[in-house]
Every structure is written in structure tokens, then in C-alpha cells.
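Novice: just need the structure, nothing else, for what follows:
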Amino acid sequence: MREVQFYMREVQFMGFSMLEAPRASMFGVGALVLALAGCQSGSGTDALEAGGTGQNVAAVRESELRAFCPPVRLREGTAYFNTYQGRAKDDPSKLVYQASIADVTRSCTYSDDTMTINVAVAGRIVPGPAGKTGQINMPIRIAVVSGSEVLYSKLHRVPTSVQDTAGATQFVFNDPAITVPRKGSGVVVFAGYDEGPYDGK
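Specialist: Numbers count the residues shown, from 1 in each chain. Down below sits the predicted model:
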């Protein structure tokens, strides 16, 4: 399946990728995603200290600056998810909501032979003609692959409260502790909607 790679912009130790979405409506969510991702820090003989005066400054290992943190991508067709009323499908008048992913980012920390990834996803929910208030569960899968090898795959039920059917509801989700073997630069993270079924994986 063809992969759609988003524009990636490195911000120190994390990558930030954005689908086309109105900047004004997603500004607050994007900022929160960046805050969730965080930066890796450590201490040791190869530690570098950021400049500062009169503050406790975290040390950053030089080896971590050189370490590879895999990009986050979406496969074609996984950026949007529609829910319809009853058994209706593809009937615009029965659309309950459309959920979309607008921003993705990640940060990485390292041990000798493993890498732990924190993946954050931000998006919004737009109610349709059959929309109603209440809690909905969005199926978001996070997977980490190296070539044809699946290192991690989990389908999450992401609860989001819709309190207003007149406008969009923003959401942020993150999978904070994905630990996989260090495989080099061939590792890729995929984030996107997956209808399931939920199989515990």
C-alpha cells in the first residue's frame, strides 16, 4: 500500500508533521502535541549542557543527539474515519461524525539495545447531520515496523467527549512508552485510524 509521508520538520530531538488543516483552529492542539513529545535528556561523560544562568539545566547526551528517532507516517486512507447511524454506510445524511488526524509527532529515548518512543496524535471531530453529543471511541493504531518486520502494533480505543454538535472537537492522544529493539535507520512509525476488529494487538 502506498505510504503518504508528511512534511517532516525536525525541532531539536523530535519530528513534527502536519496534514493540511486550518492553522488557526489547530494552533492550540499543535502546541500541546509538541509539549507532550518532550525532549530526551540524560547524564554521563558525553553530556552537553545547554546554556543558562541561575537555573537547573538538564544535560543532553551527545550520543542521543546523534541517535536516530524514526519518522511518523500515515498510510493512505488512515487519516480520516467516518461513523454512520445504524447500518448506513457512505450515506451523507446518516453521518454521525468524521474524525481526522491533523498533527503527529514523536520523541525517543535510548538504552544500549532498545529505543522507547512516545508518539502523539492530534486531530479533530466534526459532527455530521446525525451527530449528537456524548462520548465516542476512535480506533487509532500505532505500529512500528522495520522493513517487513512488525516490532510493535496496538489498536487503541481513544475516548473523546463531544459536547457541541455545531463545531469541531479537538483531541490529543499519545502512546507514551513504545519499547522496541534498536534496528537502525530503517524503522518507521505508522499512526492512523483502523476499524479493527480489536484483537488485543
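
Novice: alpha carbons only for contacts and neighbour counts from here, please
Specialist: OK.

Novice: on the three-state scheme, Ser93 is what?
Specialist: helix (DSSP: H, G, I helix; E, B strand; the rest coil).

Novice: how close does it get to Gly134?
Specialist: Separation of Ser93 from Gly134 (C-alpha to C-alpha, to the nearest Å) stands at 19 Å.

Novice: and the residue lying closest to Gln135 once chain neighbours are set aside, helix, strand or coil?
Specialist: What sits nearest to Gln135 in space, not counting adjacent residues and going by C-alpha to C-alpha, 6 or more residues apart in numbering, is Ser161, at 4.3 Å. For Ser161, the reduced secondary structure class is strand; criterion used: three-state DSSP.

Novice: contact partners for Ser161?
Specialist: Applying C-alpha atoms under 8 Å, 6 or more residues apart in numbering, we find Ser161 in contact with Thr133, Gly134, Gln135, Ile136.

Novice: got a quick PyMOL command for the buried subset of those?
Specialist: The buried subset of the contacts of Ser161, as determined by 16 or more other C-alpha atoms under 10 Å, is captured in PyMOL by this line:
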select buried, resi 136
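
Novice: list the contacts for Gln98?
Specialist: Applying C-alpha under 8 Å, 6+ apart to Gln98 gives the contacts Tyr80, Phe81, Asn82, Thr83, Ile125, Val126, Pro127, Gly128.

Novice: tell me the one among those residues nearest to Thr109.
Specialist: Relative to Thr109, the closest of those is Tyr80; by C-alpha to C-alpha it sits at 29.7 Å.

Novice: leaving out sequence neighbours, find the closest residue to the closest one.
Specialist: In space, and not counting its chain neighbours, Tyr80 is closest to Ser100: 4.5 Å by C-alpha to C-alpha, 6+ apart.

Novice: and the one you found, what helix or strand is that in?
Specialist: Using DSSP states H and E, Ser100 sits in strand 95-110.

Novice: now do Gly184
Specialist: Remark: Gly184 resides in no helix or strand, with elements defined by DSSP H and E.

Novice: and for it, the neighbour number?
Specialist: 11 (other C-alpha atoms under 10 Å).

Novice: from what I can see Phe173 touches Arg106, true?
Specialist: No: under the criterion of C-alpha atoms under 8 Å, Phe173 makes no contact with Arg106, lying 11.7 Å away.

Novice: returning to what we had before: quick one: strands adjacent to the strand holding Ser100?
Specialist: strand 14-18 (antiparallel), strand 80-84 (antiparallel), strand 114-127 (antiparallel) (DSSP bridges).

Novice: mind listing what's buried in the longest one?
Specialist: Yep, that's strand 114-127 we're talking about. Judged by neighbour count (16+ other C-alpha under 10 Å), strand 114-127 contains these buried residues: 115-127.

Novice: list the buried residues of stretch 147-165.
Specialist: The neighbour-count check on stretch 147-165 (16+ other C-alpha under 10 Å) flags Leu151, Ser153, Lys154, Leu155, His156, Val158, Thr160, Val162, Thr165 as buried.
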